[in-house]
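[1] With the sequence up front, the predicted model follows.
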Amino acid sequence: KNEVEQSPQNLTAQEGEFITINCSYSVGISALHWLQQHPGGGIVSLFMLSSGKKKHGRLIATINIQEKHSSLHITASHPRDSAVYICAVINFGNEKLTFGTGTRLTIIP
Amino acid sequence: DVKVTQSSRYLVKRTGEKVFLECVQDMDHENMFWYRQDPGLGLRLIYFSYDVKMKEKGDIPEGYSVSREKKERFSLILESASTNQTSMYLCASSLWGTGDYYGYTFGSGTRLTVV
């Protein structure tokens, strides 16, 4: 069993839909990252959070430390949101990242 | 405003060549990391460094070495490149005790092909 599990692995939605991607982890963490990778592109860190909720534009990330679960939400989705979204946890005490396998999101116009 | 710079975006090398992948960060971060990304396997940690001249093996160090002579530069070395090292290589840096800061920053990646 992977230490970081994401769901779904693939998600296709119509433009404008509300998107949720989930991440569960089994290790002790100091923080969690949501990352975005466009096809052929590098990785961009969208959020780093250790508690509660963060919002940036149409993106919202939440984390529940007790339940070891985080969600990434996209409101009013747009084709340019099409990318792979990766959850990564910072292991407590050593700053190393453990990655989920990613969620491939496709938004259809 | 580029903060973690990888020297090459695309690289093609021959089997047996010695390959250097360079990474430079301008944020005065203590920690630097090299990952590789492969389809179906996700991102895996090769080596990391917590300070100048310090290095630690990650999950898949075989066939690689690293050098960190200056705080801002972390080099990944493929001593004798092999075709199974064809991959996307990502460098990252971070700061201790980042709390709510964006303390983890990635480079744009180097896509290495070994022929």
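    That came in fine, so what should we check first?
[2] can we go C-alpha only for contacts and neighbour counts from here?
    Noted.
[3] and the residue of chain A found nearest chain B, what is it in contact with?
    Residue of chain A nearest chain B, by Cα to the nearest Cα: A:G42 (4.0 Å). Neighbouring residues of A:G42 by Cα atoms under 8 Å, 6 or more residues apart in numbering or on different chains: B:F106, B:G107, B:S108, B:G109.
[4] Can you tell me how far it is from A:I19?
    A:G42 sits 22 Å away from A:I19 when distances are taken as Cα to Cα, to the nearest Å.
[5] Enumerate the positions of stretch A:17-29 that are buried.
    Within stretch A:17-29, the residues that count as buried by 16 or more other Cα atoms under 10 Å in any protein chain shown are A:I19, A:I21, A:N22, A:C23, A:S24, A:Y25, A:I29.
[6] mind checking how far the residue of chain A closest to chain B is from B:Q6?
    To B:Q6, A:G42 is 11 Å away according to Cα to Cα.
[7] ditto for A:K55
    A:K55 is 29 Å from B:Q6, by Cα to Cα.
[8] okay, these two: which has more neighbours?
    B:Q6 (23 against 14; other Cα atoms under 10 Å in any protein chain shown).
[9] for B:V52, helix, strand, or coil?
    With DSSP: H, G, I helix; E, B strand; the rest coil as the basis, B:V52 sits in coil.
[10] tally of neighbours for it?
    17.
[11] Check it and give its pLDDT.
    The model reports B:V52 with a pLDDT of 92.
[12] Over to A:K1?
    Note for A:K1: predicted pLDDT of 57.
[13] what sits against whichever residue of chain B sits closest to chain A?
    Distances between chain B and chain A by Cα to the nearest Cα are smallest at B:S108, namely 4.0 Å. For B:S108, the contact set (Cα under 8 Å, 6+ apart) comprises A:G41, A:G42, A:I43, B:V4, B:T5, B:Q6, B:R9, B:L90, B:C91.
[14] Give me the residue at the spatial middle of chain B.
    For chain B, the residue nearest the mean C-alpha position is B:W34 (2.8 Å; Cα atoms, centre = their mean).
[15] List phi and psi for that residue.
    phi -120, psi 130 (degrees, to the nearest 10).
[16] Get me the contact residues on chain A for chain B.
    Neighbours of chain B within chain A, by Cα under 8 Å from any Cα of the partner chain: A:31, A:41-45, A:47-50, A:95, A:98-102.
[17] run the last query once more with 7 Å
    Within chain A, the positions adjacent to chain B are A:G41, A:G42, A:I43, A:V44, A:S45, A:M48, A:L49, A:F99, A:T101 by Cα under 7 Å from any Cα of the partner chain.
[18] Spell out the secondary structure type for the fifth one.
    Same thing as A:S45. strand.
[19] How about the one 10 residues further on?
    When the structure is reduced to helix, strand and coil (three-state DSSP), A:K55 reads as strand.
[20] measure the closest residue to it other than its chain neighbours to A:A83 for me?
    Closest residue to A:K55 apart from its sequence neighbours, by Cα to Cα, 6 or more residues apart in numbering or on different chains: A:A61 at 6.4 Å. Distance, A:A61 to A:A83, by Cα to Cα: 16 Å.
[21] which regions of chain B sit below the pLDDT cut-off?
    Within chain B, the set of residues satisfying pLDDT under 70 comprises B:1-2, B:96-103.
[22] which residues of it fall in strands?
    Counting by DSSP state E, chain B has strands at residues B:4-6, B:10-13, B:19-25, B:31-38, B:42-49, B:56-57, B:64-70, B:73-78, B:87-94, B:104-106, B:110-114.
[23] Thanks a lot, see you next time.
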